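Student: make a model of this:
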Amino acid sequence: MHKVKVGMISFAHLHAVSYLQALALRPDVELVGIADENRERVEPFIQQYQLPYFADYRELLAGDADVVIISSENSKHAQMTIEAAQHKKHVLCEKPLGLSREEMRRMIEACEENGVQLMTSFPNRYIPMVIAAKEAIDRGEIGRVVAVKATNKGEMIGGWFNDRTLSGGGALIDHTVHVMDLLNWILRSRAVEVYAESGSLFHGIDIDDAGMVHVKYENGTIVALDASWSRTHAFPYKRDLTMEIIGTEGVISIDYFAQINEVFSEATGHAEWSYWGDNKDEMLIDDFIHCIKEGKPVSITGEDGYNSTVIALAAYEAIRLKKPVSL
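Tutor: Next comes the predicted model:
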């Protein structure tokens, strides 16, 4: 069996852990190492999976990996992706793809020029209820979609997420891109106008932890999204993803984290939710590796990453200008 050789670059973003776990389950994958300038952060995984460690990701790129998975701070995505492409490595890059239109275009072009694939990490596309909703809309079951009310709220992770130079922004960029990718995909239309407001309402930090984003699509659909770090530590689950998709002939409601058991824990001193639904990260990895092995185009491209991020960038521009921004 031909094994796909996969290297992991940075564990700054939490997805890296679940991706590593998913890769380790696959007999057709060989993990060739973890690169992270912070050895302490990755030491448990080096030990558990007996993997080579690289302090400098360029050493990993110089090796024989077929694929690299980049889960670094947002500001490093572009440089790492471009260098990986120059080393002829396929790339799965964490969202948001980049922090400016220019750097995202350079990432996409570098991968095209070097004949490698660039996939953006949007695991929410693999949620069965999201897929079922898209299929129902494609069949015309709720008529024409006129509006969507969505939430993608979470807790504040802190660390580099609160450092604008590394993250590019706060809750708004962190959470807008996920939902906008889903809507770009489901609506098959282009966002044409964005208005947003943000503030620091929950944590007393110097970065947006609350954001409301309004988007108008070319096909007339209007979207309102709450993208905030509004969940406190005591809340039973760290994040949510809901969408109410309103059509001329019906409504579809999605609540991804409804698949839970309620756990009342003496140890933690508060209620918790134990999620039992499908593992979307594992499904994303399965699809990515399948596409690489079969030489098929990846399902969620660099262009998809670009198209969702430009909405978040436009939201910040609208906040700065205090008026709607055309895309």
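Student: so residue 14 makes contact with residue 155?
Tutor: No. Between residue 14 and residue 155 there is no contact under C-beta atoms under 8 Å: 11.6 Å. C-betas here are computed from N, CA, C, even on glycine.
Student: between these two, who's got more neighbours?
Tutor: residue 155 (18 against 13; other C-beta atoms under 10 Å).
Student: helix, strand or coil for the closest residue to the more buried one other than its chain neighbours?
Tutor: Leaving aside its sequence neighbours, residue 155 sits nearest to residue 231 (C-beta to C-beta, 6 or more residues apart in numbering; 4.4 Å). Three-state call for residue 231 (DSSP: H, G, I helix; E, B strand; the rest coil): coil.
Student: contacting residues around residue 231?
Tutor: Counting by C-beta atoms under 8 Å, 6 or more residues apart in numbering, residue 231 touches 153-155, 237-240.
Student: lowest-confidence member of those, which is it?
Tutor: Lowest pLDDT among those: residue 237, with 81.
Student: is it fair to say that residue lies in a helix?
Tutor: No. If the criterion is three-state DSSP, then residue 237 is coil and not within a helix.
Student: circling back: which one of the contacts of residue 231 has the most neighbours?
Tutor: Within the contacts of residue 231, most neighbours by other C-beta under 10 Å means residue 154, with 21 neighbours.
Student: can I get the contacts of residue 231 in a markdown table including distance to residue 56?
Tutor: Output for the contacts of residue 231, formatted as a markdown table (distance: C-beta to C-beta, whole Å):
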| residue | distance to residue 56 |
| --- | --- |
| 153 | 37 |
| 154 | 32 |
| 155 | 32 |
| 237 | 37 |
| 238 | 32 |
| 239 | 33 |
| 240 | 38 |
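Student: quick one: the helices in the stretch 1-150 of the chain?
Tutor: 15-24, 39-49, 57-61, 77-86, 101-113, 128-138 (DSSP state H, counting those that start in this stretch).
Student: orientation of the fifth one relative to helix 77-86 in degrees?
Tutor: Computed by axes from the mean of the first three to the mean of the last three C-alpha atoms, to 10 degrees, the angle separating helix 101-113 from helix 77-86 equals 10 degrees.
Student: need the helix or strand of this structure with the lowest average pLDDT.
Tutor: Ranking every helix and strand in the chain by mean pLDDT, DSSP states H and E puts strand 271-275 at the bottom, with a mean of 85.
Student: next helix or strand past that one?
Tutor: helix 280-294 (DSSP states H and E).
Student: quick one: list the elements packing against the following helix or strand past that next one.
Tutor: Later in the chain than helix 280-294, the nearest helix or strand by DSSP H and E is helix 302-321. The contact analysis (3 or more C-beta pairs under 8 Å, 6 or more residues apart in numbering; DSSP states H and E) places helix 302-321 against helix 101-113, strand 118-120, helix 171-187, strand 191-199, strand 210-217, strand 325-326.
Student: what's the neighbour count on residue 161?
Tutor: Using other C-beta under 10 Å, residue 161 is surrounded by 22 other residues.
Student: nope, residue 5 is what I meant
Tutor: For residue 5, using other C-beta under 10 Å, the count is 17.
Student: and the gap between it and residue 315?
Tutor: Separation of residue 5 from residue 315 (C-beta to C-beta, to the nearest Å): 39 Å.
Student: check residue 276 too.
Tutor: Residue 276 is 34 Å from residue 315, where distance means C-beta to C-beta.
Student: with neighbour numbers in mind, choose between the two.
Tutor: Legend: neighbour count by other C-beta under 10 Å for residue 276 and residue 315, higher for residue 315 (29 against 8).
Student: dump the residue contacts of the residue nearest to that one when sequence neighbours are not counted.
Tutor: Spatially, and ignoring its direct neighbours in sequence, residue 315 is nearest to residue 196 (3.7 Å; C-beta to C-beta, 6+ apart). Residue 196 makes contacts with 172, 211-214, 315-316, 318-319, as judged by C-beta under 8 Å, 6+ apart.
Student: 10 Å instead?
Tutor: Contacts for residue 196 were tallied using C-beta atoms under 10 Å, 6 or more residues apart in numbering; they are 172, 176, 208, 211-215, 225, 227, 311-312, 314-320, 324-325.
Student: please name the bridge partners of it.
Tutor: residue 213 (DSSP bridges).
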